[in-house]
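Peer 1: return a 3D structure for these sequence lines:
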Amino acid sequence: MEYRHTSVLACEIVDGLKPKPGGTYVDGTLGGGGHAAQICERIGNKGVFLGIDKDGEAITAARKRLEPFGCEKLFFHTSFENIKAALNEAGIPAIDGALLDLGVSSRQLDEAGRGFSYKQDGPLDMRMDGSADEDLRAEDVVNGYSEEDLYRVIRDFGEERWAKRIASFIASERKRGRIQSTGELADVIKRAIPAAARRDGPHPAKRTFQAIRIEVNDELGALERSLGDYIDVLNPGGRLAVITFHSLEDRIVKEAYRKRENPCECPEGAPACVCGKVADAKRVTKKPILPSAEEREENPRARSAKLRILEKL
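Peer 2: Take a look at the predicted model:
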């Protein structure tokens, strides 16, 4: 199956990162290589590009897409949070810029066998790395979590107003037999949400599927653990660009940037700073960059995207 994905905020990313000829850049969420192609084009034959992705199929697709570019290209089949290990393996002490696009690729969403889609029936999987047999699956969450934990996941990660009712319906349904497919789960969710509430807004299962996917892949935990590492490895003047699609992701990025720009831990109102912590980065974007109306029209999956950029001092 062809790896199809439309890169979100493609022009804004390149404008924000400002890739320079001969520079070293990282795409920690490589996908099919859409953003990467623009970066590779700008860094030229003397540049170095590192692509990281948990999805082996994405790595394969990106390798092919980036073949025409003459820069040195290094690929790592791992989570974006392993940035320091990847750089250490490559013998690269610091980089000039990095990108994280936290959205799920169109191919992952559209391929029923990956278990991300509530529109197609498939196995309840949702792992970004489908080859890692030991990893948690959506089926494990749906059938193994307590009703209270399911409620917490759906409420916090899906921001779903009907989270308690959905968790209750799932708990009741699995007493009759294990829920094993995306179609089964979507039907349970649809029954849990009152008909009047289903008339408007997105698909009734959208928020719950999103919540379970975030839990399965520990997406928020990985983001919290790795943002500091990405900032640490930037050269002076280097930039980190992060695209989020969820309010909790955006909050994590915003707070991480704020702490590097204003790390002082002295009590508010103190006459002078005594903690000794000084800023080592500045926000390039005080407010997030949003997709244009044209992009939102052409690519509905871009609607919730927010781009924030930080520069190392």
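Peer 1: the host helix or strand of L150 packs against which elements?
Peer 2: Using DSSP states H and E, L150 falls within helix 147-158. Where contact means 3 or more C-beta pairs under 8 Å, 6 or more residues apart in numbering; DSSP states H and E, helix 147-158 is packed against helix 138-144, helix 163-176, helix 206-216. For glycine as for every other residue, the C-beta is placed from the backbone atoms N, C-alpha and C.
Peer 1: tell me which of these lies nearest to A36.
Peer 2: In terms of C-beta to C-beta, the element of these nearest to A36 is helix 206-216, at 23.2 Å.
Peer 1: avg pLDDT for the closest one?
Peer 2: Averaging pLDDT along helix 206-216 yields 95.
Peer 1: go on, stretch 162-182?
Peer 2: 97.
Peer 1: may I see the buried residues of that stretch?
Peer 2: 162-167, 169-171, 173-174, 179, 181-182 (16 or more other C-beta atoms under 10 Å).
Peer 1: ok, stretch 86-95 next?
Peer 2: A86, L87, A90, I95.
Peer 1: chain neighbours aside, what residue packs nearest to the first one?
Peer 2: Sequence neighbours aside, F76 is the residue nearest to A86 in space, at 4.5 Å (criterion: C-beta to C-beta, 6 or more residues apart in numbering).
Peer 1: helices or strands up against the helix or strand hosting that neighbour?
Peer 2: For F76, the host element (DSSP H and E) is strand 72-77. Other helices and strands packing on strand 72-77, by 3+ C-beta pairs under 8 Å, 6+ apart, are strand 48-53, helix 56-66, helix 83-90.
Peer 1: and the longest one, what does it pack against?
Peer 2: In other words, helix 56-66. Under the contact criterion of 3+ C-beta pairs under 8 Å, 6+ apart, helix 56-66 touches helix 34-43, strand 48-53, strand 72-77.
Peer 1: ok, now the last one?
Peer 2: On a contact count with 3+ C-beta pairs under 8 Å, 6+ apart, helix 83-90 meets strand 24-27, strand 48-53, strand 72-77, helix 219-232.
Peer 1: and the angle from it to helix 219-232?
Peer 2: Counting by axes from the mean of the first three to the mean of the last three C-alpha atoms, to 10 degrees, helix 83-90 lies at 50 degrees to helix 219-232.
Peer 1: show me how far the helix or strand following helix 83-90 is from its chain's centre.
Peer 2: Next helix or strand after helix 83-90 toward the C-terminus (DSSP H and E): strand 95-101. Remark: strand 95-101 is offset 13 Å from the chain centroid, using C-alpha atoms, centre = their mean, to the nearest Å.
Peer 1: swap in stretch 146-166?
Peer 2: When C-alpha coordinates are averaged (C-alpha atoms, centre = their mean), stretch 146-166 and its chain have centres 21 Å apart.
Peer 1: that stretch: which residues count as buried?
Peer 2: For stretch 146-166, by 16+ other C-beta under 10 Å, it's 150-155, 157-158, 160, 162-166.
Peer 1: can you show me the CA trace of it as CSV?
Peer 2: Listed next in CSV are the C-alpha coordinates belonging to stretch 146-166 (Å, rounded to 0.1, in the frame of the first residue of the first chain):
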residue,chain,number,x,y,z
SER,A,146,-10.7,-1.1,34.9
GLU,A,147,-13.8,0.9,34.2
GLU,A,148,-12.4,3.8,36.3
ASP,A,149,-9.1,3.8,34.4
LEU,A,150,-11.0,3.7,31.0
TYR,A,151,-13.0,6.7,32.2
ARG,A,152,-9.8,8.5,33.1
VAL,A,153,-8.1,7.8,29.8
ILE,A,154,-11.2,8.8,27.7
ARG,A,155,-11.9,11.9,29.8
ASP,A,156,-8.3,13.2,30.0
PHE,A,157,-6.9,12.2,26.6
GLY,A,158,-10.1,12.5,24.6
GLU,A,159,-11.7,15.4,26.4
GLU,A,160,-14.9,13.5,25.9
ARG,A,161,-18.0,14.8,27.8
TRP,A,162,-19.6,11.3,27.7
ALA,A,163,-16.4,9.5,29.0
LYS,A,164,-18.1,8.0,32.1
ARG,A,165,-21.0,6.6,30.1
ILE,A,166,-18.7,5.2,27.4
